[in-house]
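Student: Following is a predicted model, sequence given first.
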Amino acid sequence: MALGLEDKKAIVAEVNEAAKGALSAVVADSRGVTVGEMTGLRRAAREAGVYVKVVRNTLVKRAVAGTDFECLSDTFTGPTLIAFSNEHPGAAARLLKDFATAQEKFEIKAAAFEGEVIPAADIDRLAKLPTYDEALAQLMMTMKEASAGKFVRLLAALRDQKKKQLKFKLAA
């Protein structure tokens with residue numbers, strides 16, 4: 001079914017709005033994936049705060065023009081599925097990477113983060129970014145280890161000071 005001009009404008013506006021608020025984007029080819037599998041992907045994307053849309057290449061090129069994701073324009077060939085991470089930069093990459101391992105016909109083309117294209121082979125750079133809660137836990141562990149280290153150094157300094165005082169008393 002052919003899209004009218006108004007429908008095309010609406011799609012471009014919708015994708016552009018998603019791109020403006022997104023932290024990262026992943027482009028994939030979903031040929032050969034069943035409708036049921038795509039429905040499952042869309043459901044998982046909603047839960048993860050990821051915007052997923054299958055868009056014509058000419059429309060998606062116009063939609064990302066002037067955004068950080070304009071660098072992906074060369075990857076818009078063939079059927080294009082684009083996923084924007086809204087809450088966490090690695091959410092879309094993680095979601096589509098997991099989906100690609102389960103679906104052999106699903107192929108990730110590239111990703112973009114802060115205006116930089118990330119090839120499909122390096123998708124782990126985004127997919128393995130810690131979530132907010134994981135990063136907070138890592139920070140807390142680092143702080144805990146640092147404070148424990150300071151405490152150990154303090155105890156060692158007190159021990160050394162006591163030894164010096166004891167040697168001074170014995171010598172006197």
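Tutor: Yep, it's here.
Student: The lowest-mean-pLDDT helix or strand in the chain - contacts with which helices or strands?
Tutor: Confidence across the helices and strands of the chain bottoms out at helix 124-127, with a mean of 74, counting by mean pLDDT, DSSP states H and E. For helix 124-127, the elements it packs on are helix 91-102, strand 107-113, judged by 3 or more CB pairs under 8 Å, 6 or more residues apart in numbering; DSSP states H and E. (Each C-beta comes from the backbone N, C-alpha and C, glycine too.)
Student: a markdown table for those, including mean neighbour count?
Tutor: Converted to a markdown table, the helices and strands packed on helix 124-127 look like this (neighbours: other CB atoms under 10 Å):
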| stretch | mean neighbour count |
| --- | --- |
| helix 91-102 | 21 |
| strand 107-113 | 23 |
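Student: Of these, which is nearest residue 78?
Tutor: Each of the helices and strands packed on helix 124-127 was checked against residue 78 via CB to CB, and the shortest separation belongs to strand 107-113, namely 8.5 Å.
Student: just checking, next helix/strand downstream of that closest one?
Tutor: Taking DSSP states H and E as the definition, the helix or strand that follows strand 107-113 towards the C-terminus is strand 116-119.
Student: Given that following strand, what are its sheet partners and their directions?
Tutor: Each strand that strand 116-119 pairs with, and the sense of that pairing, follows from DSSP bridges: strand 107-113 (antiparallel).
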